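>>> Just to be clear, the model below is a prediction. Sequence and coordinates:
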Amino acid sequence: MSTVHDFQVKMTNGNEKSLDEYKGKVLLIVNTASKCGLTPQFEGLQSLYDKYKDQGLEILGFPCDQFNNQEFDNIEETTQFCQLNYGVTFPMFGKIDVNGANADPLFSHLKEQKKGVLSKNIKWNFTKFLVDRNGQVIERYAPTTEPGKIEDDITKLL
């Protein structure tokens, strides 16, 4: 059975990065958007990152434009927006699709491991997947779940 560590993802510069670099880390993988009503969640995500990164937490942000075109066209605009408005220092990756024929293979895997309430499709921006140190998907959280509400689950894995 494959784990999250078996996947390659595109960085903002277009280069590929292997997620096996995160072996031994607890991951929170999030599809993000810069112009969404839930965008202020970047603040809570950054807060979790600041608090737990030294204990082995990594937050991985994947900008997505599939829900009402709420992401900038240019990935540079996205990263600047996140840094300037929310102080984001956790890794952000290249823009992806999370549903449909062009869905990123990582997100297809995440959805397969933890389905949503009615289907496996991601319903909106800021769906979050918690992954243990071995690359196994432990939990899926709805877009409206505030990052602070995930803290207890994260600390159990750290």
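Great, that's in hand.

>>> any idea how far the residue lying closest to residue 40 once chain neighbours are set aside is from residue 74?
Sequence neighbours aside, residue 86 is the residue nearest to residue 40 in space, at 7.8 Å (criterion: Cβ to Cβ, 6 or more residues apart in numbering). Any C-beta I mention is one placed from the backbone N, CA and C, and that applies to glycine too. Distance, residue 86 to residue 74, using Cβ to Cβ, to the nearest Å: 18 Å.

>>> Which of those two has more residues huddled nearby?
Per other Cβ atoms under 10 Å, whichever of residue 86 and residue 74 has more neighbours is residue 86, with 18 against 10.

>>> Roughly how far does residue 48 sit from residue 62?
Counting by Cβ to Cβ, the gap from residue 48 to residue 62 is 17 Å.

>>> cool, residue 146 as well?
19 Å.

>>> which of these two has more neighbours?
Taking other Cβ under 10 Å, residue 146 and residue 62 do not tie; residue 62 has more neighbours (21 against 15).

>>> Show the contacting residues for that one.
By Cβ atoms under 8 Å, 6 or more residues apart in numbering, the contact list for residue 62 reads 9, 29-32, 92-96, 98, 104, 106-107.

>>> pretty sure it is in a helix, no?
No. Counting by DSSP: H, G, I helix; E, B strand; the rest coil, residue 62 is not found in a helix; it is strand.

>>> pLDDT at it, what is it?
Confidence at residue 62, expressed as pLDDT, is 97.

>>> ok, now residue 111?
Residue 111 is given a pLDDT of 95.

>>> Name the residues that touch the lowest-mean-pLDDT helix or strand in the chain?
Ranked by mean pLDDT, DSSP states H and E, the weakest helix or strand in the chain is helix 75-86, scoring a mean of 89. Residues outside helix 75-86 that contact it (Cβ under 8 Å, 6+ apart) are 12, 32, 34, 39-40, 42-43, 46, 61, 63, 71-72, 88-89, 92, 94-95.

>>> Swap in 10 Å and give it another go.
10-14, 32-35, 39-47, 61, 63, 65, 71-72, 74, 88-90, 92-95 (Cβ atoms under 10 Å, 6 or more residues apart in numbering).

>>> Give me the helices and strands touching the very next helix or strand once past that helix, please.
Note on helix 75-86: by DSSP states H and E, the next helix or strand toward the C-terminus is helix 105-113. For helix 105-113, the packing partners by 3 or more Cβ pairs under 10 Å, 6 or more residues apart in numbering; DSSP states H and E come out as strand 8-10, strand 26-32, strand 57-63, strand 128-131, strand 137-141.
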